[in-house]
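In: no sequence for this one, just the structure:
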């Protein structure tokens, strides 16, 4: 198996751990946050800038690439890495989550999901086999099995059915893979029902995936219940494989999940919030739109060393945002992704030097201010 | 006078020359092209990237900055250089051109121009004195005198009146300046009437400006006549001062104007065309929108060394453009500004090694392909 994972350090007081994931496209340290490059681009940033910030693994969305420009097109152009100019590791989702959340007229059967494109209404059918085929055409290093994702809160019968189908599809995904080196991750479902989560863990983790993900947690309502679910589920996943919490999340959610033993995260919020004018700082969010920053010569955050904070004032960022200058999303994205990269670096260091609990406490206290 | 200009080399067969302009914010070589940063940002590019490409002087628009965020605001934030994070030279126009082309309900009198903002309809009055005051508040290194710009083709009576008024306003601009080091440029008008151009040259060049510009050439129709006007006017401007052709232009127009002795250029076309999906190459323009590039693995231009050509294929750029990814204008802007920077570098070298005529010929032949 080309994908390898080694746990390097463990926190004494929690499930938190550091590790190294190695793929054909290099190695990176965990816990890691993966910026989201939905349509083969992390919006507003150059691949080189991601690398300079320390990112070595990004996520891209199979659903979007399957529709535009098409996986065969990307295969013929040498694969996704070459297509988007990214030499690091790429994880792709299965497309299932977007089919369930974005597409129209979807209909789930045992075979797969039929749906209509959110772009042009064209009819499509996503099966476990197609999810594998598309991701293998893209050439992603880490590929997700197709799961059935139910929105929260969900009823028990529906959730139970999704768990059963997710396991059946997981088997088909493994059987469909033509890549010898592995690199597929399985996904655990089960909604907010502890026993269904446990059942899904048992079934999925019995299959020889390279890593295991917790799915269906970032969808819908009930943050507290979602946190409980992560806390209960993550420690049940195999120790020796990377654990991935899909679509999460805020710095606080990430910290809590790391303490439960999660290694990988992806989320659109640092990049999407940047485009909406909101910056992350260790003193809380800062909305550059606000009139109070119109004459403020300070950088977004005094102690931040990102290109944006070294170059620009709050007043200038507000001006760029109000003028809809392209530099506004560019500058705000750099800051937010730098914030996330620094957070993950700080957490990895804290785990390895043994002061992870203090880091969690500090961060949560800062948040509560 | 802080602004200094030295002619370093002359072409034997034309009026072309190389030179060095020195301002408080460094020196740069001429002939030079200035990227346009309308609202205190060259759209889609980081200041550092401009510098890396070799740009040392950019243009910003007084009209836009006067309306948003306001010159007093920028002054209180330490001036335009600090505001936009640009440590090189900045040239600002007088605001006159935009008042004549963008604003509504404008009315010219001997005192100045009353107009309504194109943003919110608010009433304003731009006088020569205000044009100076705004630019001095911005702290620009090179500041343009307020002129009256008539759209081409214009009638003789109107043009004659504009020439007279432009001279009167030029005197008032010099009188209004509070900056001891100079740094103001005068602007020659006169439409397409050779005798009025000569009259304007005589009147404006009799005044102690740090440089002289040809105005009113990029507006309206009649490209051939405009080229004739530049060819007749540029050599009449003082040898020892920089000559600036405002709002020009295409690579061909720039080449021809350099052969007439022009040193400075600004134009939105490399950046605006980039945002519209058109790339400059030495083999002619390339529109990334075209279906023929959908599966094209080649970079925009094989022999180009810009970040975009080193990183991305035509197929990827087309994908980014069609998906409206922010990276599309970013990548296309980098390429086009790199193309302009390389063109100017090549021209400066050709002049200094004595093969400028061959360079002009080659470029025009390439264009005609």
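Out: Structure received. The shown structure was predicted, so the numbers you read here are calculated from the model rather than taken from an experiment. Residues are numbered from 1 along each chain as shown, chains lettered A, B, ... in the order given.
In: hmm, residue A:101 and residue A:118 touching each other?
Out: No: when contacts are counted by CB atoms under 8 Å, residue A:118 is not listed as touching residue A:101 (9.5 Å). (Glycine included, C-beta is placed from N, CA and C.)
In: setting aside sequence neighbours, what's the nearest residue to residue A:233?
Out: Nearest in space to residue A:233, with sequence neighbours left out and distances taken as CB to CB, 6 or more residues apart in numbering or on different chains, is residue A:197 at 4.9 Å.
In: spit out the contact partners of the one you found.
Out: The contact partners of residue A:197, taken as CB atoms under 8 Å, 6 or more residues apart in numbering or on different chains, are A:188, A:189, A:190, A:191, A:229, A:232, A:233, A:236.
In: try residue A:107
Out: A:113, A:114, A:115.
In: buried ones in stretch A:205-217, by neighbour count?
Out: A:205, A:209, A:210, A:211, A:212, A:213, A:214, A:215, A:216, A:217 (16 or more other CB atoms under 10 Å in any protein chain shown).
In: per-residue confidence averaged over that stretch?
Out: Looking at stretch A:205-217 alone, the average pLDDT works out to 96.
In: same question, stretch A:11-23
Out: If you average the pLDDT over stretch A:11-23, you get 97.
In: near chain B, which residues of the stretch 1-150 of chain A? Just list them.
Out: For the stretch 1-150 of chain A, the residues found near chain B under the criterion CB under 8 Å from any CB of the partner chain are A:39-41, A:43-48, A:68-69, A:73, A:76-78, A:83-85.
In: let's see it at 10 Å
Out: A:37-49, A:64-65, A:68-70, A:72-74, A:76-78, A:82-86, A:119 (CB under 10 Å from any CB of the partner chain).
In: can you turn the buried part of the residues you listed into a ChimeraX selection?
Out: The buried subset of the residues of the stretch 1-150 of chain A next to chain B, as determined by 16+ other CB under 10 Å, is captured in ChimeraX by this line:
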select /A:37,38,39,40,41,42,43,44,45,46,47,49,64,65,69,70,73,74,77,82,83,84,85,86
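In: looking at the residues of the stretch 1-150 of chain A next to chain B, which are in helices?
Out: Here DSSP state H is the test, and the residues of the stretch 1-150 of chain A next to chain B give A:47, A:48, A:49, A:64, A:65, A:72, A:73, A:74, A:76, A:82, A:83, A:84 as lying in helices.
In: I'd guessed the third one sits against residue A:338; true?
Out: Going back to what we said before, that points to residue A:49. Yes: taking contact to mean CB atoms under 10 Å, the distance of 9.5 Å between residue A:49 and residue A:338 places them in contact.
In: quick check: neighbours shared by these two?
Out: Common neighbours of residue A:49 and residue A:338 (criterion: CB atoms under 10 Å, 6 or more residues apart in numbering or on different chains): residue A:307.
In: burial measure for residue A:272, as a count.
Out: By other CB atoms under 10 Å in any protein chain shown, the residues close to residue A:272 number 15.
In: A strand includes it, no?
Out: No: when the secondary structure is assigned by DSSP: H, G, I helix; E, B strand; the rest coil, residue A:272 falls in helix instead of a strand.
In: tell me the secondary structure at the residue of the stretch 151-300 of chain A found nearest chain B.
Out: Nearest residue of the stretch 151-300 of chain A to chain B (CB to the nearest CB) works out as residue A:297 at 5.4 Å. Reducing the assignment at residue A:297 to three states with three-state DSSP gives coil.
In: wait, what's in contact with the residue lying closest to it once chain neighbours are set aside?
Out: In space, and not counting its chain neighbours, residue A:297 is closest to residue A:313: 4.8 Å by CB to CB, 6+ apart. Listed by CB under 10 Å, 6+ apart, the contact set of residue A:313 reads A:293, A:295-300, A:319, B:77-78, B:82-85.
In: doesn't residue A:46 make contact with residue A:37?
Out: No: applying CB under 10 Å as the test, residue A:37 and residue A:46 come out as separate, 11.7 Å apart.
In: common neighbours of the two, please.
Out: Between them, residue A:37 and residue A:46 share these contacting residues under CB under 10 Å, 6+ apart: residue B:327.
In: ok, now how distant is the residue nearest to residue A:297 from residue B:78?
Out: 9 Å (CB to CB, to the nearest Å).
In: show me which of the contacts of residue A:313 is closest to residue B:256.
Out: Nearest to residue B:256 among the contacts of residue A:313, counting by CB to CB, is residue B:84 at 31.9 Å.
In: ok, the closest residue to the closest one other than its chain neighbours - contacts?
Out: Spatial nearest neighbour of residue B:84, excluding adjacent residues (CB to CB, 6+ apart): residue B:40 at 4.4 Å. Counting by CB under 10 Å, 6+ apart, residue B:40 makes contact with A:316, A:319-320, A:323, A:325, A:327, B:58, B:60-61, B:64-65, B:68-69, B:74, B:80, B:83-86, B:90, B:138.
In: many thanks, I have nothing further to ask.
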